[in-house]
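*Asks:* Prediction below, plus the sequence it came from.
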Amino acid sequence: MQNRLETLESILERLRVSIKKNGLKNSKQREEILSVLYKNRRHLSPEEIANEIRIKDKNTSISSIYRILNFLEKEHFITTLEMDKNGKRYEIAAKSHHDHIICLECGGITEFVDSKIEERQLKIAAANECRLISHDMRLFVVCKKCQKQT
């Protein structure tokens, strides 16, 4: 499920505006991280992102990666997926809304959309006289492949 809502070029242009707005210097590393996340079809850990970045720039430190990821998340360019024991994974935010199924054994991630779940959440919020702003659904499972291995 990779329904992109925006091109990489428009995301990078928004990044440049955000950097200027925050009084920061332009950084190729920020653009590289966004590019890696945009082009990749998986949810990546900071270490995986660093490995991709280091192909072009061997001097990139993991602390720089974490600092940049925090900035990109704060500015809504990326989203974080808490993986329970497997730490955080990151994905580009320029995708349509979806939820996640996460295997606790292998760490595999499956994205899904269920219109009935979306409708039910709206009804629950309305029944409690609330307006739903957002939600994050993660189903922690043992996937079919891992079940066969045990």
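*Replies:* Right, received. Where do you want to start?
*Asks:* give me the element the residue nearest the centre of the chain is part of.
*Replies:* Note on the chain: the residue nearest the mean C-alpha position is Glu91, at 2.4 Å, using C-alpha atoms, centre = their mean. For Glu91, the host element (DSSP states H and E) is strand 88-92.
*Asks:* circling back: please determine how far the residue nearest to the centre of the chain is located from Ala125.
*Replies:* According to C-beta to C-beta, to the nearest Å, Glu91 stands 25 Å off from Ala125. Using the backbone N, CA and C atoms, a C-beta is placed for each residue, glycine as well.
*Asks:* before we move on, the earlier item: can you tell me which residues contact the residue lying closest to the residue nearest to the centre of the chain once chain neighbours are set aside?
*Replies:* Residue nearest to Glu91 in three dimensions, not counting chain neighbours: His43, with 5.0 Å by C-beta to C-beta, 6 or more residues apart in numbering. The contact partners of His43, by C-beta atoms under 8 Å, 6 or more residues apart in numbering, come to Leu81, Arg89, Tyr90, Glu91, Ile109.
*Asks:* how is the protein carved up into domains?
*Replies:* Domain ranges of the chain: 8-92, 99-149, per automatic domain parsing.
*Asks:* Give me the below-cutoff pLDDT ranges for the protein.
*Replies:* 1-4, 84, 86, 94 (pLDDT under 70).
*Asks:* What are the boundaries of the helices in this protein?
*Replies:* In the chain, the segments counted as helices under DSSP state H are 8-21, 28-39, 46-54, 62-74, 115-127, 144-149.
*Asks:* Return the most buried member of those helices.
*Replies:* helix 28-39 (a mean of 19; mean count of other C-beta atoms under 10 Å).
*Asks:* Nothing else from me, thank you.
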